[in-house]
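Colleague: can you look at this prediction? I've put the sequence above it.
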Amino acid sequence: MVNRPAKIYPSMSDKKPPASDDLIGPEVEVNNSDKGRRRRHKNSLVTGTLVISIFASVCGTGVVFGYNTGVLNNPSDNIKEFFNEAKEERTGERFSDNGLTWYWSSCVAIWALFAIVGCFLGGIMSARVGRKNTMLFNNILLVIGTLLQSCSKYANSYEMFLIGRVVTGVQNGVCTASCPMYLSEIAPKSIRGGVGVTFQMSVVFGILLAQILGFESILEAQICGPMLINLNLALGLVQCLILPFCPSSPRFLLITKEDRDGARNALAKLRGKKANIEEEMDDIIEEDRKEKSEPPVDYGDLWRIDYLRRPLIIACVMMISQQFSGINAVNYYSAPIFKAALPASIVDNDPDFPKYMVAVSGAVNLVITAISIFTVDRLGRKLSHLIGLGGMAVCALAIAFLISGLAVDEGQVCHGIAPTDATNYTTIVLIFVFVAFFSIGPGAIPWLIAPELFTSSPRTKALSIANTVNWLCNFCIALGFDPLRRAMCGWVFLIFFVLLVIFMVYLGIKLPNVEGKTVNEIVQMFKTTKGGEERKPIVRKKSPRSESKA
């Protein structure tokens, strides 16, 4: 065995190899000019095991989350009629109009509210049983929530449907806490962004799937609701059949379980038998060493310690920028806009045509998100997010003026630009462009960058808080957008324009460039002061009670 002073790996392509071949292991390519070999090595980062692990993880999490986001939109009238029939059969009276609206809104909004519980539950479970096992156990909640909703019609119980939405909300919250973390920890650093985008792509695919299957031309109206909801079971089954055979997170195995051999085996499966995993193993070991040299982190430390508080605030602002960008407003508002903007002859001939247009916007979202898998690591998280926010801001400003005079609801009075065919068609095009810019940055970047800003120990807690902020904003939009829309008409998009500009300015200053960096290097950026000195970690003082016990 040759004694070599330093390890050199193929991934370090920016450094020239030493002149002496004695310093280079047999697995390293010496010829830097051989671009073909470099290209083959880069492609080897995407292995079959990695692809299968990504598919299995997002199938029962991201797709389920997106599917439950849109599954109730098209069959809403049928479900409301079931509520009335069930109440009439039991009490002899139907819901009042206000009562039915309130109960339906509760079923929709409570899903997002209880997802917050799932965020913290997912964080706790991910830290204790691991990211993979958390996703597998989460399918128990998926089965319970799905059956409660789909069987409520046969049990003639609208209360059962509401409880099912509560359980599904918790399940979806666990999804958003566990899957992005797992994807970030199994991905090679050079394509970590692209792997992280797959979660958002699966969410978008789930929404689009729900929209397409919700058309009455595909499913009969009478069975639309139960059959649509039960598709969750098939998605969960696929995950349960595949994910147990996928590797666990190497970081969780080494840092939390202290299973170095298990981490090495998991990493070898993910990178391939011929891959050199020593550099990545050294990085995980170094992360473990640094974590053990500092006191354990609790939720309070995330706010007290500066180099934890700053990335946490950035992660939370990223989540807020996703929800308050106006994308959910467009999703909720696009069908009525299309109905009012399209010629009456088209809508009268096919009342479902506006729903088809909504599905087209979902397809645009899916295609651009898929493209961003290959661009996010080249453009960078920061630039991608800022491009998305900037494009959405321009579109929001234009939409606000163009539909300011468009009355969407019956009896609504709007004061603004009088709608014409030109303004209506331009608005439809701008909605598609708005969705496309969302897909470039704000759709995926918040999910993938949050796990990158923290080491393993504070990661689960930080993601619980960031995801909670995301779901709270989702809940606020679901609850408050409709009253604002009715009062302000199209001018409501000016609110999103102002928010988008604020997000651009703040994140343009605060958000660092993290692509191509290891987790240790990213964390070190927050630990280093402007003068280049490293911030000293805050050592938690012992309480008098603990000192007396000692």
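Modeller: The structure has been received and is ready for your questions.

Colleague: centroid residue for this protein?
Modeller: residue 447 (4.3 Å; Cα atoms, centre = their mean).

Colleague: leaving out the residues flanking it, which one is nearest to it?
Modeller: In this structure, residue 447 finds its nearest non-sequential neighbour in residue 180, 4.7 Å apart by Cβ to Cβ, 6 or more residues apart in numbering. Where C-beta positions appear, they are placed from N, C-alpha and C, glycine not excepted.

Colleague: please compute how far the helix or strand containing the one you found lies from its chain's middle.
Modeller: Assigned by DSSP states H and E, residue 180 belongs to helix 158-186. Here helix 158-186 is found 12 Å from its chain centre; the criterion is Cα atoms, centre = their mean, to the nearest Å.

Colleague: quick check: buried residues in it?
Modeller: 158, 160-186 (16 or more other Cβ atoms under 10 Å).

Colleague: can you map out the helices along the stretch 1-150 of the chain?
Modeller: Along the stretch 1-150 of the chain, counting by DSSP state H, counting those that start in this stretch, helices occupy 35-43, 48-59, 62-70, 76-91, 97-128, 131-150.

Colleague: mean pLDDT, mean neighbour count and distance to residue 264 added to these, as JSON lines?
Modeller: JSON lines is the format used below for the helices of the stretch 1-150 of the chain (pLDDT from 0 to 100; neighbours: other Cβ atoms under 10 Å; distance: least, Cβ to Cβ, whole Å):
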{"stretch": "helix 35-43", "mean pLDDT": "42", "mean neighbour count": "12", "distance to residue 264": "20"}
{"stretch": "helix 48-59", "mean pLDDT": "96", "mean neighbour count": "20", "distance to residue 264": "14"}
{"stretch": "helix 62-70", "mean pLDDT": "92", "mean neighbour count": "26", "distance to residue 264": "28"}
{"stretch": "helix 76-91", "mean pLDDT": "86", "mean neighbour count": "15", "distance to residue 264": "51"}
{"stretch": "helix 97-128", "mean pLDDT": "89", "mean neighbour count": "19", "distance to residue 264": "21"}
{"stretch": "helix 131-150", "mean pLDDT": "95", "mean neighbour count": "22", "distance to residue 264": "17"}
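
Colleague: nearest to residue 324, of those helices?
Modeller: helix 97-128 (14.0 Å; Cβ to Cβ).

Colleague: compute the inter-axis angle for that closest one and helix 62-70.
Modeller: Orientation of helix 97-128 against helix 62-70 (axes from the mean of the first three to the mean of the last three Cα atoms, to 10 degrees) gives an angle of 160 degrees.

Colleague: the host helix or strand of residue 426 - contacts with which helices or strands?
Modeller: Using DSSP H and E, residue 426 sits within helix 421-440. Other helices and strands packing on helix 421-440, by 3 or more Cβ pairs under 8 Å, 6 or more residues apart in numbering; DSSP states H and E, are helix 327-341, helix 353-379, helix 381-402.

Colleague: looking at the ones you listed, which is buried most?
Modeller: helix 381-402 (a mean of 22; mean count of other Cβ atoms under 10 Å).

Colleague: tell me the mean pLDDT for that one?
Modeller: The pLDDT scores in helix 381-402 average 94.

Colleague: do the same with stretch 213-232
Modeller: 69.

Colleague: okay, now the unreliable bits of this structure?
Modeller: Residue ranges of the chain with pLDDT under 70: 1-44, 216-225, 409-412, 529-550.

Colleague: picking up where we left off before, what's the first helix or strand after the strand or helix carrying the residue nearest to the centre of the chain?
Modeller: Residue 447 belongs to helix 445-449 when assigned by DSSP H and E. Sequence-wise, the next helix or strand downstream of helix 445-449 (DSSP H and E) is helix 456-488.

Colleague: whatever helix or strand comes next after that following helix - contacts with which helices or strands?
Modeller: Per DSSP H and E, the first helix or strand lying C-terminal to helix 456-488 is helix 493-510. On a contact count with 3+ Cβ pairs under 8 Å, 6+ apart, helix 493-510 meets helix 306-323, helix 381-402.

Colleague: export those helices to CSV and append columns for distance to residue 434.
Modeller: As requested, the helices and strands packed on helix 493-510 are arranged in CSV below (distance: least, Cβ to Cβ, whole Å):
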stretch, distance to residue 434
helix 306-323, 14
helix 381-402, 4
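
Colleague: out of the ones you listed, the one nearest residue 334 is which?
Modeller: helix 381-402 (10.5 Å).

Colleague: now do that closest one and helix 306-323, the angle between them.
Modeller: 40 degrees.

Colleague: quick one: closest of the helices and strands packed on helix 493-510 to residue 52.
Modeller: helix 381-402 (25.7 Å).

Colleague: by contact count, what packs against the closest one?
Modeller: By 3+ Cβ pairs under 8 Å, 6+ apart, helix 381-402 packs against helix 306-323, helix 353-379, helix 421-440, helix 445-449, helix 493-510.

Colleague: and of the ones you listed, who's closest to residue 239?
Modeller: Of all the helices and strands packed on helix 381-402, helix 445-449 comes closest under Cβ to Cβ, at 18.1 Å.

Colleague: now the closest one, how far from the centre of its chain.
Modeller: On Cα atoms, centre = their mean, the centre of helix 445-449 falls 7 Å from the chain's centre.

Colleague: can you check stretch 53-68 too?
Modeller: 10 Å.

Colleague: same check, this time on stretch 389-402
Modeller: 23 Å.

Colleague: who touches that stretch?
Modeller: 321, 325-327, 416-417, 423, 426-427, 430-431, 433-434, 436-438, 440-442, 490-494, 496-497, 500-501, 503-504, 507 (Cβ atoms under 8 Å, 6 or more residues apart in numbering).

Colleague: surely residue 157 meets residue 86?
Modeller: Yes: at 6.6 Å, residue 157 counts as touching residue 86 under the criterion of Cβ atoms under 8 Å.

Colleague: any idea how far residue 199 is from the residue lying closest to residue 46 once chain neighbours are set aside?
Modeller: Once flanking residues are discounted, residue 46 sits nearest to residue 191: 7.0 Å by Cβ to Cβ, 6+ apart. Counting by Cβ to Cβ, to the nearest Å, the separation of residue 191 from residue 199 is 14 Å.

Colleague: neighbour count winner among those two?
Modeller: Neighbours around residue 191 and residue 199, counted as other Cβ atoms under 10 Å, are more numerous at residue 199. The numbers are 27 against 19.

Colleague: quick one: secondary structure of the more buried one?
Modeller: What DSSP: H, G, I helix; E, B strand; the rest coil gives for residue 199 is helix.

Colleague: what are the neighbouring residues in contact with it?
Modeller: 58, 61, 62, 179, 180, 183, 444, 447, 448.

Colleague: please name the residues that touch the third one.
Modeller: Residues in contact with residue 62 (Cβ under 8 Å, 6+ apart) are 175, 179, 198, 199, 200, 201, 202, 203, 205, 206.

Colleague: so the last one sits right up against residue 64, yeah?
Modeller: Yes: the pair residue 206 / residue 64 is scored as a contact, 6.6 Å apart, by Cβ under 8 Å.

Colleague: which parts of the strand or helix carrying residue 520 are buried?
Modeller: Assigned by DSSP H and E, residue 520 belongs to helix 519-527. Using 16+ other Cβ under 10 Å as the test for burial, helix 519-527 gives 519, 522, 523, 526, 527.
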